[in-house]
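J.: Following is a predicted model, sequence given first.
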Amino acid sequence: MIFRRSAFIGLGLGCLLPLFPLSAAATYYEPADEMFFYGDNGTFRYYDVGPEGRIGSPILAGDGYTEGWSVISAVDLDGDGQDELFFYRADGLFRFYDVKPNGSLGTPLLAGDGYSKDWSAVVALNLDQVRCDDPFTADRVASLSRRFPSQSFTAYVYDTRSGCIFEMNPDSRLRTASVFKVMVMAGTLLEVQNDGRLLSSWELGQVTPMITESANSPVRALWNHFGGFPWFNRQAEIFGLEATRPVGDSGGVWGTTTTSAEDQVELLRQVLLGESGPLRPEYRAEAWRQMTSVVPSQTWGITSGVPSGWTVAQKNGFAGHIANSVGFVQAPGGDEGYVIAILSNGWPDWSRGVPVVEEIARWVSADLARALDS
């Protein structure tokens, strides 16, 4: 089990800004929220709020790129093994750049040109008191290994409220079974988006049973519909699933594709939350509709322990020795929640793995669902 965490604020554009590192279960001394203002045109400013409630000087402000930087800091913000670069000057100008896997600088993740009253949103949150209590404790993971020595497990959780990330056996690469269909749905939605249209009745007739009933024939039908080889691999590349090795473009069984739990969470963050990735809101809304309409017999897994009134968008994978469950667990009355992927392989029959997947899901829901309700 590995624990990673950084404090950040989301800009509503799929961007993340690191503010300061916090250790697990750390608590900062100041109780006041900070205020982040931003506009549709990209302008933004982030203000400190003192304990007495008074807005102080801007913590962050900028007016674009300049070469006269005082400091350059490297931070692996998104956990892809590649540092991002934060440039800033003593006079307060700054810009934060993504760095591609090949080492080249990408487009700026953050840029702004100063204060404006025409803000599209004002966000208040207390970054100073974020806690991260890891549900994958050493005792729990050790107990799992003792009880199920012939099975393999991996899990990954991203908490949208705090930015906390939790991992269990992150280096494991396990077979997907039907959670693979989330990528197929995402690729289908991207194809029709690129065509400037909505799903056709035939395409909808493939996607709906594929997601809500886990029908298998639509996977190959959609693959053929969009040109066949190498469509599966191309989707993995588009959505940045670096640990996913698709099988099926050359006639293999697509359900034997291997993936990481982190890749599955990354895909869901793009497809359901829109934190990054190519899909526009109307196409993400269709993905949400599909994944919240799963037939009751297939709503096991990550739903376990989730309080009533919450919404779960999910897709399970179950075949042979595989029992997997992935999705987003959303609190009532808002957009907060957590993205979760639990993968397990090696069962005598997939149904034997369901109670254990649900046990792992309860570790998470007991901490994160309760915390979001409080």
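T.: Yep, that arrived. Numbering: from 1, shown residues only.
J.: Secondary structure element for Val339, which one?
T.: For Val339, the element it lies in under DSSP states H and E is strand 337-345.
J.: So for the helix or strand just after that strand, mean pLDDT?
T.: Once strand 337-345 ends, the next helix or strand along the chain (criterion: DSSP H and E) is helix 350-373. Averaged across helix 350-373, pLDDT comes to 91.
J.: pull the CA atoms of helix 350-373 into PDB?
T.: Taking Å, rounded to 0.1, in the frame of the first residue of the first chain, the C-alpha atoms of helix 350-373 are listed here in PDB:
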ATOM      1  CA  TRP A 350     -16.300 -14.300 -10.000                       C
ATOM      2  CA  SER A 351     -19.300 -14.400  -7.600                       C
ATOM      3  CA  ARG A 352     -16.900 -15.500  -4.800                       C
ATOM      4  CA  GLY A 353     -15.100 -12.200  -5.200                       C
ATOM      5  CA  VAL A 354     -18.100 -10.000  -4.800                       C
ATOM      6  CA  PRO A 355     -18.300 -10.000  -0.900                       C
ATOM      7  CA  VAL A 356     -14.600  -9.200  -0.800                       C
ATOM      8  CA  VAL A 357     -14.900  -6.300  -3.300                       C
ATOM      9  CA  GLU A 358     -17.700  -5.000  -1.200                       C
ATOM     10  CA  GLU A 359     -15.600  -5.300   2.000                       C
ATOM     11  CA  ILE A 360     -13.000  -3.100   0.400                       C
ATOM     12  CA  ALA A 361     -15.700  -0.700  -0.700                       C
ATOM     13  CA  ARG A 362     -17.000  -0.400   2.800                       C
ATOM     14  CA  TRP A 363     -13.500   0.600   4.100                       C
ATOM     15  CA  VAL A 364     -13.700   3.500   1.800                       C
ATOM     16  CA  SER A 365     -17.400   4.500   2.200                       C
ATOM     17  CA  ALA A 366     -17.100   4.300   6.000                       C
ATOM     18  CA  ASP A 367     -14.400   7.100   5.900                       C
ATOM     19  CA  LEU A 368     -15.300   9.200   2.800                       C
ATOM     20  CA  ALA A 369     -19.100   8.900   2.700                       C
ATOM     21  CA  ARG A 370     -19.300   9.600   6.400                       C
ATOM     22  CA  ALA A 371     -16.900  12.500   6.100                       C
ATOM     23  CA  LEU A 372     -18.800  14.100   3.300                       C
ATOM     24  CA  ASP A 373     -22.100  13.800   5.200                       C
END
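J.: Quick one: residues contacting the closest residue to Thr258 other than its chain neighbours.
T.: Among residues not flanking Thr258 along the chain, Arg173 sits closest, at 4.5 Å (CB to CB, 6 or more residues apart in numbering). For glycine as for every other residue, the C-beta is placed from the backbone atoms N, C-alpha and C. Residues near Arg173 by CB atoms under 8 Å, 6 or more residues apart in numbering: Ala243, Arg245, Thr258, Thr259, Ser260.
J.: tell me the phi and psi of the third one?
T.: Summarising the backbone geometry of Thr258 under the convention degrees, to the nearest 10, its torsions are phi -110, psi 150.
J.: I figured it hits Leu241, correct?
T.: No - between Thr258 and Leu241 there is no contact under CB atoms under 8 Å: 10.9 Å.
J.: Neighbour count: those two, which is higher?
T.: Set Thr258 next to Leu241 and count neighbours by other CB atoms under 10 Å: Leu241 wins out with 22 against 17.
J.: Please report how far the residue lying closest to the more buried one once chain neighbours are set aside lies from Ile238.
T.: Nearest residue to Leu241, sequence neighbours excluded (CB to CB, 6+ apart): Asp263, at 4.4 Å. Distance, Asp263 to Ile238, using CB to CB, to the nearest Å: 13 Å.
J.: The two - which one has more neighbours?
T.: Asp263 (22 against 15).
J.: Could you check which helix or strand contains that one?
T.: Per DSSP H and E: helix 261-268 holds Asp263.
J.: swap in Ala236?
T.: If you go by DSSP H and E, Ala236 is part of helix 231-238.
J.: Name the next helix or strand following that helix along the chain.
T.: Using DSSP H and E, the next helix or strand after helix 231-238 towards the C-terminus is strand 258-259.
J.: ok, and the closest non-adjacent residue to Gly327?
T.: Spatially, and ignoring its direct neighbours in sequence, Gly327 is nearest to Gln314 (3.2 Å; CB to CB, 6+ apart).
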